[in-house]
Structure formats: C-alpha cells, structure tokens
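Q: below are the sequence and a predicted model for it; my questions follow.
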Amino acid sequence: MLYHLLYPLRDTFFAFNIFRYITVRAVGASLTAFLMSLILAPVVINLLRRFKIGETIRREHVEGIYSLHMQKAGTPTMGGIFILGAIIISVLLWADLANRYILLVLISTAWLGIVGFIDDYIKIVNRDKRGLSAATKFSGQVLLGILVGVILLLDVHISTKLNIPFFKNLTVDLGAFYILFATLVIVGTSNAVNLTDGLDGLAVGCVSIVAITYAVISYVTGNIKFADYLLINYIPGAGELTVFCAAMVGACMGFLWFNSYPASVFMGDVGALALGGAVGVVAVCIKKELLLVIVGGVFVIEAASVLLQVSSYKFRRKRIFLMAPLHHHLQMKGWAESKIVVRFWIIAIVLALFSLATLKLR
C-alpha cells in the first residue's frame, strides 16, 4: 500500500524514491510485523485467557513426561492468530500488491491459517480432541497445493525443471507432474512445521531462520545481475517475496518474545500450518524446492522421526524412539527443554548457512 501511495510521489519529493528498493521495504515490513506482534500479543493472550482457550496435554505426554508437560496445561494457544495478522498487515503495507507471487503467498497463508483455526477451534473450544478429521485437514492442504501448482505451471517465468543443489546443469523436468510435486512440497512443509511445534520457541525460531534464508534467496532470484552471477534461474518479480519473508521473520520474532521458555502462549495449528505452508509456497515460487530439504532440515528430521516411529510400530510392533517427534525423545532421554530448543536452533543456523553456500558451490 505504501509502495503504491508514496512511490508515485517521488517526482514531488525525492525521498519517496526509497520505496522502490526491496531492501528498504523488507526492513520496514520486518520492523512493522515485529512491533505489531508485540502490540497484538497481550491483547490476544488476554482474550484467549478470558475465553479459556488453553493448551490440553495429550495422554502420552502425561504418561511419558508428566512433570515436564502438565505445567503447560491451560497456557493460551491459537496465538498464531496474531502472527498471521502481523504478517498480512505488514505485507499489505510494504509490498507491491500487484505482484503475482505476493498475492499467491498471502492467499496461501490465509487459507492454511483458516484450516488451522478450524482445527484448533474444534479441539479447544468445542472440546473435541480429534479436531478436524485427518482427511478433511489433508484435503484442505492438498487443494491449496494443487491450485498453487496449477497457477505456477501456467506462469511463463516458472520452469517445471527442478534444479539439483550442488550441480550447475543437472535438472529434472517434471512437466505436468510439477503440480503433484508442488503439492507435496507445500503439504509436507506445512505438516512438518506443525510436528516441530512441540517445545517453547522451537518451531517459531526455526521458521525465522528458514525465512531469513529464503529472503536472501528470493532477493538474488529476482535480481537479474545476482542471478546471472550465481547461475541460478532469474524470475522477474520473485524479489518481492523478500518483503514477505522479512515480515515473517519480524512476526515470528515478536511471537518468540512471548513463546520463549516458559511460554506465555502457543501458536496452535492456526500458526504452524500457515507458517509451514507459506515457506513451502515461497520455495516453489523461487524454484528452490529441493533446497528446502537442507535449509528446513530440522523440520525434515522431526517429520522423518514420526514417519519412522509409525512405520516401525505398524510393521514391527516396535518403537524406534522413546517418543516421537525427535524433540520429545530427547526430553525422555533427560535433555532440558531449553537445551533442545537452542541446539535445534544452532543446527538450523548451520543448515541455513550451508544452504546459502550451495548457491555458489556447484
């Protein structure tokens, strides 16, 4: 909005020319989202407490790590509402709203936020621990993934070829199957972040690190000089996603202020599903889908631990981990919650730096 209102006035007052720069608007979006999170959080938390929208502890938590998790019972959840509010409002203020990728990622974030909100509402407000049925939730995610895949398939600037990290000229052309692949990326990332959201500050901290990484990659992807230098696909307009990623970082940092140990609020599915899905959509828009396996390695490991646990128990009637996801296994092994979170953040930072290095190491 500010871009459309103020940048055209650059001939009247030269200072308005700064709104042409993505970096300036990205910083503005990040700071705006951070401040909005800090302002909205107390209001939302008080409302959640008033309506007794608090965390419930699963039975396996009670049996496995009772003393560690029962103290969290009743902590306000669905705090993802103010994360999404901060992201959307700051992006509307600072981004180029005529940009097709900005519109796509905003709609996707809101879509998955609604799916998560309905799931949280049923579980917490209606006191139905099952929430949305797995089929209904999965269908909502898949439908979004298919729509995003179709839109990108029709985009003349988006190739159906997958770039393989570490290789300059090795690509795999998926053709029409790109729709299925894009769906897999978006749905997988959305659920992986949701699975990671089990300890105070864990998921939101890792999402922030991933968002910073994709902000950098989005910027160079949308800049023809940098893209040419790094020998990566130049995608006109993709640089605007830097503003969205920066807003995500700011909102997540604001939420972390209240979600750090001991958490005053949890994000719930409304936040986790939307943030994960948003990361997935950005990844497919800038053609760095496979890189997500590295930069989002913490989410991959967490999701893989659940899949391995379920598969092992189904076919062997034996568990691999004391409890899944992996962060709960480490808790059962006696690791302190804060130590697990900080070490996972460190791993996420190392993976992010390694991912940025792959842009040149090919």
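A: Cool, the structure landed.
Q: contacting residues for the closest residue to Ala95 other than its chain neighbours?
A: The shortest distance from Ala95 to any non-neighbouring residue, by C-beta to C-beta, 6 or more residues apart in numbering, is to Val243 (4.4 Å). Placement of C-beta: from N, CA and C, glycine included. Contact partners of Val243, counting by C-beta atoms under 8 Å, 6 or more residues apart in numbering, are 22, 25-26, 29, 91, 94-96, 102.
Q: can you name every helix or strand that the helix or strand hosting Leu152 contacts?
A: Assessed by DSSP states H and E, Leu152 sits inside helix 134-153. Applying 3 or more C-beta pairs under 8 Å, 6 or more residues apart in numbering; DSSP states H and E, one finds that helix 134-153 makes contact with helix 100-120, helix 178-196, helix 268-285.
Q: pull the distance from the last one to the chain's centre.
A: In this case it means helix 268-285. 4 Å (C-alpha atoms, centre = their mean, to the nearest Å).
Q: who's in contact with the helix or strand following that helix?
A: Where DSSP H and E defines the elements, the next helix or strand beyond helix 268-285 is helix 292-295. Residues from elsewhere that reach helix 292-295 (C-beta under 8 Å, 6+ apart): 165, 185, 189, 210, 213-214, 279-280, 283, 300, 351-352, 354-355, 358.
Q: closest one of these to Ala263?
A: Lowest distance from Ala263 to those (C-beta to C-beta) belongs to Val210, with 20.3 Å.
Q: which non-adjacent residue is nearest Ser208?
A: Ser208's closest residue in space is Cys252 (C-beta to C-beta, 6+ apart), at 4.2 Å.
Q: tell me which element the one you found is part of?
A: Using DSSP H and E, Cys252 sits in helix 241-259.
Q: tell me how many other residues crowd Lys168.
A: Lys168 sits with 10 neighbouring residues when counted by other C-beta atoms under 10 Å.
Q: tell me the average confidence for the strand or helix carrying Leu92?
A: Using DSSP H and E, Leu92 sits within helix 80-94. Averaged across helix 80-94, pLDDT comes to 96.
Q: packing partners for that helix?
A: So helix 80-94, by 3+ C-beta pairs under 8 Å, 6+ apart, packs with helix 2-6, helix 22-50, helix 100-120, helix 241-259, helix 268-285.
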